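Visitor: Show me the folded form of this:
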Amino acid sequence: MSSSLMVYELLLLIVLTLLGRVLYRLTLHPLAHFPGPKLAGISGLYKFYFSVLKSGSFHLELQRLHKTYGPLPPPFPLKN
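Guide: The predicted model follows:
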């Protein structure tokens, strides 16, 4: 087996793994049904963008998201 074929197989494996992870987080993950930006649901790049590239304005983005999508659900089931 040539080394270039092994490199392509490795790249294909990496791409399929990342695609599988994205599909899982968008469809099967327990938090997938909550509203919000999809990029925030599939990776940490959303927080990184606002924390690092937007000079630490992630807390302002969270306030905007709360206004748009409503409050966070409780972290535990409510008992009647």
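Visitor: what's the burial count for Leu26?
Guide: Residue neighbour count, defined by other C-beta atoms under 10 Å, stands at 12 for Leu26. C-betas here are computed from N, CA, C, even on glycine.
Visitor: dump the residue contacts of it.
Guide: Ala32, Lys38, Gly41, Ile42 (C-beta atoms under 8 Å, 6 or more residues apart in numbering).
Visitor: so can I have TSV of these showing secondary structure, pLDDT and neighbour count?
Guide: As requested, the contacts of Leu26 are arranged in TSV below (DSSP: H, G, I helix; E, B strand; the rest coil; pLDDT from 0 to 100; neighbours: other C-beta atoms under 10 Å):
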residue	secondary structure	pLDDT	neighbour count
Ala32	coil	89	13
Lys38	helix	91	12
Gly41	helix	89	16
Ile42	helix	91	18
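Visitor: Helices of the protein, start to end?
Guide: Ranges of helices in the chain, per DSSP state H, are 3-23, 38-42, 45-48, 58-69.
Visitor: Distance of the residue nearest to Pro35 when sequence neighbours are not counted relative to Glu61?
Guide: Once flanking residues are discounted, Pro35 sits nearest to Tyr69: 4.6 Å by C-beta to C-beta, 6 or more residues apart in numbering. Distance, Tyr69 to Glu61, using C-beta to C-beta, to the nearest Å: 12 Å.
Visitor: In terms of packing, which of these two has more residues around it?
Guide: More crowded of Tyr69 and Glu61, by other C-beta under 10 Å: Glu61, with 17 against 12.
Visitor: Does that one touch Phe50 like I think?
Guide: Yes. The criterion here is C-beta atoms under 8 Å, and Glu61 meets it with Phe50 at 4.7 Å.
Visitor: Please report phi then psi for His29.
Guide: For His29, the backbone dihedrals (degrees, to the nearest 10) come out as phi -60, psi 140.
Visitor: which other residues reach stretch 63-73?
Guide: Phe34, Pro35, Gly36, Pro37.
Visitor: out of those, which one sits closest to Thr17?
Guide: Within the contacts of stretch 63-73, distances to Thr17 taken as C-beta to C-beta reach their minimum at Pro37, with 22.9 Å.
Visitor: Provide a list of residues in contact with that closest one.
Guide: Taking C-beta under 8 Å, 6+ apart, we find Pro37 in contact with Tyr46, Leu65.
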